[in-house]
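**Student:** Task: produce atomic coordinates for the following.
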Amino acid sequence: MDHSMYPETSRESRDKLRELAPEPYAAFRAFGQKVFANGALPSKTKQLIAVAVAHVTQCPYCIRGHTELALQAGASQQEIVEAIWVAAEMRAGAAYAHANLAIDTMNRVAGKQAGG
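**Tutor:** Model (predicted):
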């Protein structure tokens, strides 16, 4: 990681977050524990989803953290890479799907220019 832009996480930075806003910090931690606990989806699946989402949101901390947690939950390297490819397809698919907005706008502008 580019350390000037994305410093490594540290105990000190986490402690500072907790010190400055203890209640939201505790609530966020508890929420995360509940979200990633085994449920209808096993924890491993949830971590693979998190790896994919982290790639779409482009959060380097989330990518590193959830990749490690996915491995700890039993995900294979192949499963992690497949999750990343799903994220890549969804990101590209969104651009493709939203092209409809550009087509619609071009058609409306062309209609106005043609006197419609």
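**Student:** now the protein, which segments are flagged as low pLDDT?
**Tutor:** In the predicted model, the chain carries pLDDT under 70 at residues 1-3, 116.
**Student:** Sketch out the helices for this protein, chain order is fine.
**Tutor:** Per DSSP state H, the chain carries helices over the ranges 11-20, 22-35, 43-57, 60-72, 77-113.
**Student:** Please compute how far the shortest one lies from its chain's middle.
**Tutor:** Right, helix 11-20. Here the centre of helix 11-20 is set off from its chain's centre by 23 Å, with CA atoms, centre = their mean, to the nearest Å.
**Student:** Which strands or helices does that helix pack on?
**Tutor:** Identification of packing neighbours for helix 11-20 by 3 or more CB pairs under 8 Å, 6 or more residues apart in numbering; DSSP states H and E yields helix 22-35. In this view, the C-beta of every residue, glycine as well, is placed from N, C-alpha and C.
**Student:** elements contacting the helix it packs on?
**Tutor:** Using 3+ CB pairs under 8 Å, 6+ apart: helix 22-35 touches helix 11-20.
**Student:** let's see 6 Å
**Tutor:** Here helix 22-35 touches no other helix or strand, going by 3 or more CB pairs under 6 Å, 6 or more residues apart in numbering; DSSP states H and E.
**Student:** Just the angle for that helix relative to helix 43-57, thanks.
**Tutor:** Relative orientation of helix 22-35 versus helix 43-57 (axes from the mean of the first three to the mean of the last three CA atoms, to 10 degrees): 120 degrees.
**Student:** buried ones in helix 22-35?
**Tutor:** residue 25 (16 or more other CB atoms under 10 Å).
**Student:** And the helices of the chain: which comes nearest residue 4?
**Tutor:** helix 60-72 (12.9 Å; CB to CB).
**Student:** Check the offset of the closest one from the chain's centre.
**Tutor:** 11 Å.
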